[in-house]
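In: return atomic coordinates for the entry below.
(2 chains)
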Amino acid sequence: MKTRFALALMLSVAVAGVLAAVDKNQRATVAPLPMNAGQVYAPTLLAATKSRLYVFDERTNRLAVIERNTQKVTLTGELGTGRGQFFHPAAMAANEQGVVLFDILGNRFQFLNVEGAFQNECQLSEPTSSRTVALTAAGLVLVNTPSSDHVITAYDRQCRKQFTFGPPTALSELYSSALAGRNSDYKFAANRLWLTGDKSGNTYAAYLLAPVLTKYDKSGNLLWTRKFDQAREEQFRQYVPKNGGMSTGVDGVQVPYITKAVFPEEDGRVLVLCSVDLFRKDRIFEFSPGGDLLGYSDIEVPRGSLFKMALQDHDLVLSALFAPGLYRANLTGKQN
Amino acid sequence: MKNNHVVRKSPKRWQGHLLMVFCALCVVTISVNLWRNTDVHANSPVQHRFLHTGDTIGPLTVRDVAGKSRALFPAKTNFVLYYGKATAKSLQNATYAGFLARRNDNPSISFVIAANKSFQAYQDLYSTATQDLFLVHDEEAEIANRLGLASADSGSAILDQDGKVLFGAPGLLDPEDLRQLYERYSRGKIDYSIASQSSTALVGKAIPAVQVREIHSGKVSTFSEVAKTDSAEYWVFTANCPVCSLRSFFEALAQYRPQHPVIPVFSSRLPLPVLLQVAKENRYDGPIYIAETEISGFEDIYNNQSVSDFISIVKVDSHDRIVSAIPVSPFEIQEVLRSHEN
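Out: Numbering: from 1, shown residues only, chains lettered A, B, ... in the order given. Coordinates of the predicted model:
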C-alpha cells in the first residue's frame, strides 16, 4: 500500500513536472552565424568561454579561436600527428584556463592556452573510445570510459589517472525493464555520455541514447539523476533499426533517439541538446542546478540535424551535420 | 657418519643452489635488457603499438610486385600506406592514393603501398599504374610490424629518408587528409581553397571539361559531349566518401529513374569493381559514366565541403550550362527530389 502511494506520489510529481515544462516550452529561432570564407570549412567541435568561441574545422584540422568582442579569428594548428598538430580529434572542451582536445586516434590529450597556442600534450596509457571530454574547475580532464568499471575517468594534465566514478548502467535502467531484452545489444552504447563541468567543480553527464541527466560533485559522488522526456521510451520500444537511422557511431548499433550535448549556463542552469527528429527538429531541455526541469525549446535547422553546441551568454552556437556551418540560436525567440 | 656425510655434501649443494640462482638472475637480467633495448615496433609479431611521430623505424629492404628490390627509404619523404583488408572504403582511399602517386612529379616523394592478406585486390586496382608507385606484397608482415600493425589492420605513415616518423596514424587515410599531407610535403604548404566552392554557386556556369568513360562500353568522351547528345538530367555523384553512400544513391536512382531520364556520372574516386558490384546488386542496367581522372574542379566542386556525403543533382541545358545543382544527402534524397519537382 505504501509502495502504491509512493508510486502515485512520484507519478503525480512527474506529471506536474512535465506539465510545468510544457507550459514553459518555446520555439527557438536559429540563424546562420557568418564565417569568414577560407577560414572554417566544416565546423564540428565547439566550445566557448565568456570571451572566446573555439571552433574545430574537421576539413582542415585547424582550430579557429574567435574573440567575442572583436570577432577576430585566429587559426591554429594543422593536419598532423606531431606536437601542435591535430588529427580529427573526437572531443574538445574549454574553460577560462585553456582548451583541451582529445585525439582519439593518437590516444592523447592536447592542451592549448586560451588563445589557442599549443602548451603540451600527453599520451594515455590505455585506449579509450570516449567521444566527449570535459575540464573540471580543478584542471582535471574527464573522459567517458563506457567499457570500464566506472563510466567516467579523471586524468591530470600529464595523463595520469586520478580517479574514476559513475557505475555502468543498462538500457533498461535508463528507460524501464520493458527494454531489458535489448540490454546486451546496447551494452556499451548505454554507457556513452556527454560530459561537462561547471565552475563549482560539479560534473554533468547526459546519456547518449536516453533522456537521462546526472550530476556528480567534484569528488565524483552522485548528486542526482533526472529522467526527462518519458515519451522517448515508446519510441525506443517500437524502433527497428533501418538504413539511414541514427547511429551511436562507435558501438555499431542504431538508435531512434540521441542526446547530443550538455552545457552549463553561468547561473548554474544546465542545457541538454536532444534530437527529436533526425533531420528536422532538435530540442533543448533546461534544468536548474538542483535538477528541476525548467522547460524546453524546439529548434529547427534546415538541411540537417544539429550535432554540437556551445553556450555563450545565453546564445547557443551550433554546428550541423548536413549543412556545414555555424548557427546561433536564441532561446528567447529573438533572432540575432 | 650420516651426519658427517651430510655436512661434507652441504657446501656442494649450496654451491649448486647458488649457481642456479646466479644463472636465473643472469637469464632475468639478459631478458630485461633485451626487452628494454628491443624496438617493440620492429619485428614483433605480438605487440602492436602504432608508431608515434618522432619514432624511428630501422632500415628495411622490400621487393615490389615487379620483383624490384629496394630500400624502403629512397626519397626524402615516403608515404607508406598499409592496407590490411580490402573493403569498399579502403579500395576507394587506395584509388585516390594511386591518383596522387601518378600525379606526383616530385622526386623527393615516394609512395609505398603495401598489403598482406588482400594484396590481390590492390594489385588489380593498380594494374595499370604499378610504375608510379611501389606496390609491395608484405607476405612476411615486415612492413606491418615496423609500423606497429597487425597484418589485418590498416595504417598510414609518412617517413623521412632515415625512417623517422613525420606522420603516423592507424586506420585508413581519407583522400582529403592525404591530399593535404601531400601538398605540405611536396610544396611546403596546403591549399585549403580547393574543394571550397559550393555546388549551388555553379548555376549558370559551364560544365567542367572533364573526360568521362561509359563503364560498359568503355567509350571515352567529354562530359560536355555526353550532355549534348543526351538531354537527360545528370546526377553527379561525388562525396568525401563516395562508397559510403553509393547504395543509397542507387536506391534513389531506382525509384526516380522510371519517370525521369537520369544519367549518373561518378567520381573517379570510386573504385570501379565496387561501382560495378553495387550497380549489379541494384539491377541498374543504364549507362554509367565515371570520370577518367581526378581533376580539381570536378571531383571536389560538387562536394559542398561537407563532413558528410552529398550527392549533387545537376541539370544541364543544351549550351552545357548548369541550370541547377542541388546538393543532397543520401538519407533525404527522396524528400528533396519531391520538393524540387514542385
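In: next up, the contacts around the residue nearest to A:Ala180 when sequence neighbours are not counted.
Out: Of all residues not flanking A:Ala180 in the chain, A:Ser172 sits nearest, at 4.0 Å (Cβ to Cβ, 6 or more residues apart in numbering or on different chains). (Glycine included, C-beta is placed from N, CA and C.) Contacts for A:Ser172 (Cβ atoms under 8 Å, 6 or more residues apart in numbering or on different chains) come out as A:Ala178, A:Leu179, A:Ala180, A:Arg182, A:Asn183.
In: gap between whichever residue of the stretch 51-200 of chain A sits closest to chain B and B:Ala169?
Out: Using Cβ to the nearest Cβ, A:Gly82 is the residue of the stretch 51-200 of chain A that sits closest to chain B, at 4.1 Å. Noted for A:Gly82: a distance of 11 Å to B:Ala169, by Cβ to Cβ, to the nearest Å.
In: these two: who's more crowded?
Out: For A:Gly82 versus B:Ala169, the count of surrounding residues by other Cβ atoms under 10 Å in any protein chain shown is larger for B:Ala169: 22 against 16.
In: secondary structure element holding that one?
Out: Under DSSP states H and E, the secondary-structure element containing B:Ala169 is strand B:165-170.
In: which residues does the residue of the stretch 51-200 of chain A closest to chain B contact?
Out: Residues near A:Gly82 by Cβ under 8 Å, 6+ apart: B:Thr53, B:Gly54, B:Leu166, B:Phe167.
In: check A:Cys274 too.
Out: Counting by Cβ under 8 Å, 6+ apart, A:Cys274 touches A:Pro211, A:Asp229, A:Tyr257, A:Ile258, A:Thr259, A:Lys260, A:Asp282, A:Arg283, A:Ile284, A:Phe285.
In: so which of those residues is the most crowded?
Out: Ranking the contacts of A:Cys274 using other Cβ under 10 Å puts A:Asp282 first, with 27 neighbours.
In: and the gap between that residue and chain B?
Out: Noted for A:Asp282: a distance of 16 Å to chain B, by Cβ to the nearest Cβ, to the nearest Å.
In: now A:Leu273
Out: 18 Å.
In: tabulate the contacts of A:Ser172 (JSON lines), appending neighbour count.
Out: As requested, the contacts of A:Ser172 are exported to JSON lines (neighbours: other Cβ atoms under 10 Å in any protein chain shown):
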{"residue": "A:Ala178", "neighbour count": "12"}
{"residue": "A:Leu179", "neighbour count": "20"}
{"residue": "A:Ala180", "neighbour count": "13"}
{"residue": "A:Arg182", "neighbour count": "18"}
{"residue": "A:Asn183", "neighbour count": "15"}
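In: B:Lys89: which element?
Out: In this assignment (DSSP H and E), B:Lys89 forms part of helix B:88-103.
In: also B:Asn145?
Out: Going by DSSP H and E, B:Asn145 is part of helix B:142-147.
In: which one is the residue of the stretch 51-200 of chain B found nearest chain A nearest to, not counting chain neighbours?
Out: Closest contact between the stretch 51-200 of chain B and chain A, by Cβ to the nearest Cβ, is at B:Thr53 (4.1 Å). Nearest residue to B:Thr53, sequence neighbours excluded (Cβ to Cβ, 6+ apart): A:Gly82, at 4.1 Å.
In: for B:Leu100, give me its contacts.
Out: Contact analysis of B:Leu100 by Cβ under 8 Å, 6+ apart lists B:Phe79, B:Phe111, B:Leu178, B:Arg179, B:Tyr182.
In: can you confirm whether the helix or strand containing the last one lies near chain A?
Out: Meaning B:Tyr182. For B:Tyr182, the host element (DSSP H and E) is helix B:175-187. Yes: Helix B:175-187 reaches chain A (Cβ under 8 Å from any Cβ of the partner chain) through B:Glu176, B:Asp177, B:Gln180, B:Leu181, B:Arg184.
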